[in-house]
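Novice: no sequence on this one, just coordinates:
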């Protein structure tokens, strides 16, 4: 786990005259096939490398922590870059670093994609504590269950065993939209309103 208490790096956000941006992001990404690549020997140098990469990307971070198969980070988004740009840089450079330094006995790679959610100031400390206590948290909940919980909380759909699940809010939105837009491209999806698909 790495925490950053150097508030001087936060000045980056104030360099745009008449534009004020302060968007906290909670990002989560996993190892390829969710294999436990991040051993204790790899964790410290990896987290330090990630910390440096976030700083160099102009994204001050509060905390980086995780488990052998995934990472959590709470950072401020650089107003001049998109989340996709930041995550591509972070994931690409870190996997290259691990392989170049031979930190892993196997070829290291991250899983395609990531999850990223904005965090309001009112729950910033709660998000910080959640990331800080990852190892204790996962004594009671598996990563897959944690990831699905985040997806449901933010009203996304997700795939599990070849079946697409939707939150109730997402289902109601899709059904309402299809009623008013019968020729919508949403009809291309094999969406079936069953109790098993609504979570």
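Specialist: Sure thing, it's come through. The structure displayed is predicted, hence computed values, not measured ones.
Novice: which residues in the chain form helices?
Specialist: Secondary structure of the chain (DSSP state H): helices located at 40-56, 83-100, 124-132, 134-137, 143-153, 168-180.
Novice: Mean pLDDT lowest where, among the ones you listed?
Specialist: Lowest mean pLDDT within the helices of the chain: helix 168-180, at a mean of 54.
Novice: contacts for stretch 58-67?
Specialist: 1-4, 9-10, 12-13, 24, 38, 43, 47, 50-51, 54-55, 71-78, 80-81, 86, 124, 128, 131-132, 134-135, 138, 143 (C-beta atoms under 8 Å, 6 or more residues apart in numbering). (C-beta placed from N, C-alpha, C; glycine too.)
Novice: let's see 7 Å
Specialist: Identification of contacts with stretch 58-67 by C-beta atoms under 7 Å, 6 or more residues apart in numbering yields 1-4, 9-10, 12, 38, 47, 50-51, 54, 71-78, 86, 128, 131-132, 134-135, 138, 143.
Novice: ok, of the residues you listed, which come out buried?
Specialist: For these, a burial check counting by 16 or more other C-beta atoms under 10 Å picks out 2, 4, 12, 38, 47, 50-51, 54, 71-78, 86, 128, 131-132, 134, 138, 143.
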